[in-house]
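K.L.:
Let's see this in three dimensions:
(one chain, ligands or ions: 2)
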Amino acid sequence: MADNGPLYLGFDLSTQQLKAIVIQSDLSVVSSARVDFDQDFGAKYKIINGVIKETEGQVFAPVALWLESLDLVLKRLQDQNTPLNRIRGISGSCQQHGSVYWGREAEKLLGALNADKTLVEQLTDAFSHPYAPNWQDHSTQNECDKFEETMGTAERLAQVTGSSAHHRFTGTQIMRLRRKLPSMYEATSRISLVSSFLASLFLGTVAPMDISDVCGMNLWDIPGNNWSETLLKLASGGTQEGAAELRSKLGEVRQDGGGSMGNISSYFVSKYGFSPKCGIAPFTGDNPATILALPLRPLDAIVSLGTSTTYLMSTPIYKPDPSYHFFNHPTTPGQYMFMLCYKNGGLAREKVRDALPRPAESSDPWATFNQHALSTPPLDIRSESDRAKLGLYFDLPEIVPNIRAGTWRYECKPDGTGLQESRSGWPESTDARAIIESQALSMRLRSQKLVTTPGEGLPAQPRRVYLVGGGSLNPAIAQVMGDVLGGADGIYKLDVGGNACALGGAYKAVWAFERRDNKETFDELIGKRWKEEGAIQKVGEGYKQGVFEKYGSVLGAFEEMEERILKVARNA
Ligand SMILES: Nc1ncnc2c1ncn2[C@@H]1O[C@H](COP(=O)(O)OP(=O)(O)O)[C@@H](O)[C@H]1O
Ligand SMILES: O=C(CO)[C@@H](O)[C@H](O)COP(=O)(O)O
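P.N.:
Residues are numbered from 1 along each chain as shown. Ligands and ions are numbered 1, 2, ... in the order given. Below is the predicted model of the structure:
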């Protein structure tokens, strides 16, 4: 490593952990550290998988947990002798949709932090609410109905805000909390997204929201590039004054994803040795940051296998639909991020894994799951007379399709006809492949309009599929994902697969502070410095003629299965 060049720090504050990664201008990684919420603070904050679950479908995280985690992750970087004094810029990525409620003392407390004390000791009184609603929350069906009623249809709401109404979207969450906790809402001076909350700690003042992450609220009018007055009014009680008050709690939205919002707060200078000149770039959502972890080309897709599973593409075409999401691109005006998001990702796969016999204590906990996933043929069709097996494994109520928690097992002929619920079910060992197939079939179904043929004679599919997030470490998941989704050029994983969003945050910091004349685009700058070798690894063939088509034949049956279940099992 050059011993005097600038360094950049990227964070990822996601559901189950806080990660930090330090890189150089040439994008090489210098050091990284992480705090695992359950391992480090599980008992103290009574969290499971980073969150607390309550009645009515509420899911939230204690804000104090994140304050403690920030001090701890910085200490861990310091303990590795990371030269924090050389960090020129910081950015980061955070779980989307979560909201943090600041009280009237917030600015005063943020601006007067003393390095002899911890963040949690000094900032507990800065909040009007000690909890941040989490993206897994599903307590807001009433509010979702109102959002769609107010705009007329789900399609119209999606046209304006990039998404139809979603339980986890911040606008519906704010509307519910205002109804449930009016005095808390009244005592709130500002509302941050998780991304602008983390940026605020570093800035020492409440930071503006980010132009991409703001699209996860159902409040931002994407084509109009402004808050939707109609939706602000709805979320704040139906009056003009209420809308104005909410607008001021939300604050201005920063239009530029790059540049500096200001220098780092003196707390971090005194306590951890940061340079007082270190700048803070806008932080964004973890999914927008993931598409910044590598130069994405048209027809490339990213599948993020974290707590949630997401499917991401970058596109210049704004084509919203109630079954998926559009966000502004985090760095490039005129570009958009297409996203599918599933609640039933990593934890649902873990549940199937844990129903199988446990591998020996010392070996990979996924060994048995992987062995079954790889030894089961596609759709468990072993002979011509076999029927294809299709399942849905929803540990939590799903987002799209909007189906309650449950497990369903169906069968159909290999050509997709004759769909019926499986009478005898199937052994748990078959679930290992079936759950990965099911998650991938859902993504293929919903993204099919966005892909075209990547080469002559090839069916429409992504060019490359990049896997990131914790699950990308799993070779069996990579193989089955590729079988279903295709990927003419193969399936790849990022070498820092589990750290992709933190890396995207760090790349964003490099671009934010080093872009030429404030004009050079993210793709131009990162494209020149990013080297494929050492950054990604091919982990699967992707498109396999015959196999891809086999899954294509049952795609209609998969959709029909969802529709049938939806009719009887719509979320309460
Ligand atoms: N080898 C593995 N195989 C499959 N899944 C894994 C493996 N290692 C980690 N995971 C999954 O990764 C998930 C965490 O992913 P991560 O991207 O770090 O989560 P988040 O960013 O949501 O906190 C865990 O829930 C776990 O199921
Ligand atoms: O709700 C969404 C996206 O809409 C989730 O993707 C969250 O952003 C949390 O992500 P992970 O913790 O799974 O990374």
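
K.L.:
contacts and neighbour counts: CA atoms only from here.
P.N.:
Fine.

K.L.:
Now do the same contact list for the spatially closest residue to Val63 that is not a sequence neighbour.
P.N.:
Spatial nearest neighbour of Val63, excluding adjacent residues (CA to CA, 6 or more residues apart in numbering): Tyr131 at 5.4 Å. With contact set as CA atoms under 8 Å, 6 or more residues apart in numbering, Tyr131 has these partners: Phe60, Ala61, Pro62, Val63, Val100.

K.L.:
Let's see which of these end up in strands.
P.N.:
Cross-referencing the contacts of Tyr131 against strands under DSSP state E gives Phe60, Ala61, Pro62, Val100.

K.L.:
Leu110 versus the second one, what's the distance?
P.N.:
I take that to be Ala61. Look at Ala61 and Leu110: by CA to CA, to the nearest Å, they are 21 Å apart.

K.L.:
pLDDT averaged over the lengthiest helix in the chain - what is it?
P.N.:
Across the chain, the longest stretch assigned as helix under DSSP state H is helix 428-447. Mean pLDDT, computed over helix 428-447, is 97.

K.L.:
So what are the sheet partners of whichever helix or strand comes after that helix and their directions?
P.N.:
Sequence-wise, the next helix or strand downstream of helix 428-447 (DSSP states H and E) is strand 465-468. Counting by DSSP bridges, the strands paired with strand 465-468 are strand 301-305 (parallel), strand 491-494 (parallel).

K.L.:
Alpha carbons only: can I get the helix or strand just after strand 465-468 in CSV?
P.N.:
For strand 465-468, the succeeding helix or strand toward the C-terminus, using DSSP H and E, is helix 475-485. Extracted in CSV, the C-alpha atoms of helix 475-485 (Å, rounded to 0.1, in the frame of the first residue of the first chain):
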residue,chain,number,x,y,z
PRO,A,475,-21.3,-22.5,-4.2
ALA,A,476,-24.6,-24.5,-4.3
ILE,A,477,-26.7,-21.4,-4.2
ALA,A,478,-24.6,-19.9,-7.0
GLN,A,479,-25.0,-23.0,-9.2
VAL,A,480,-28.8,-23.2,-8.7
MET,A,481,-29.3,-19.5,-9.2
GLY,A,482,-27.5,-19.7,-12.5
ASP,A,483,-29.5,-22.7,-13.6
VAL,A,484,-32.7,-20.8,-13.2
LEU,A,485,-31.7,-17.2,-14.0
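
K.L.:
list the buried ones in helix 475-485?
P.N.:
Ala476, Ile477, Ala478, Gln479, Val480, Met481, Gly482, Asp483, Val484, Leu485 (16 or more other CA atoms under 10 Å).

K.L.:
want to throw those into a markdown table with pLDDT and distance to ligand 2?
P.N.:
A markdown table is the format used below for these (pLDDT from 0 to 100; distance: CA to the nearest ligand atom, whole Å):
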| residue | pLDDT | distance to ligand 2 |
| --- | --- | --- |
| Ala476 | 97 | 20 |
| Ile477 | 97 | 16 |
| Ala478 | 96 | 17 |
| Gln479 | 97 | 21 |
| Val480 | 97 | 20 |
| Met481 | 97 | 18 |
| Gly482 | 97 | 20 |
| Asp483 | 98 | 23 |
| Val484 | 98 | 21 |
| Leu485 | 98 | 20 |
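
K.L.:
State the pair within those residues that is farthest apart.
P.N.:
Ala476 and Leu485 (14.1 Å; CA to CA).

K.L.:
So Ser314 belongs to a strand, correct?
P.N.:
Yes. Ser314: assigned to a strand according to DSSP: H, G, I helix; E, B strand; the rest coil.

K.L.:
Just to check, it is in contact with Leu296?
P.N.:
Yes. Ser314 is within contact range of Leu296, at 7.1 Å (criterion: CA atoms under 8 Å).

K.L.:
Quick check: residues of the stretch 201-350 of the chain near ligand 1?
P.N.:
Leu305, Gly306, Thr307, Gly346, Leu347, Glu350 (CA under 6 Å from any ligand atom).

K.L.:
Contacts only, for the second one.
P.N.:
Each residue near Gly306 by CA under 8 Å, 6+ apart is listed here: Gly345, Gly346, Val468, Gly469, Gly470, Gly471.

K.L.:
likewise the third one?
P.N.:
Thr307 is in contact with Thr15, Gln16, Lys343, Asn344, Gly345, Gly346, Leu347, counting by CA under 8 Å, 6+ apart.
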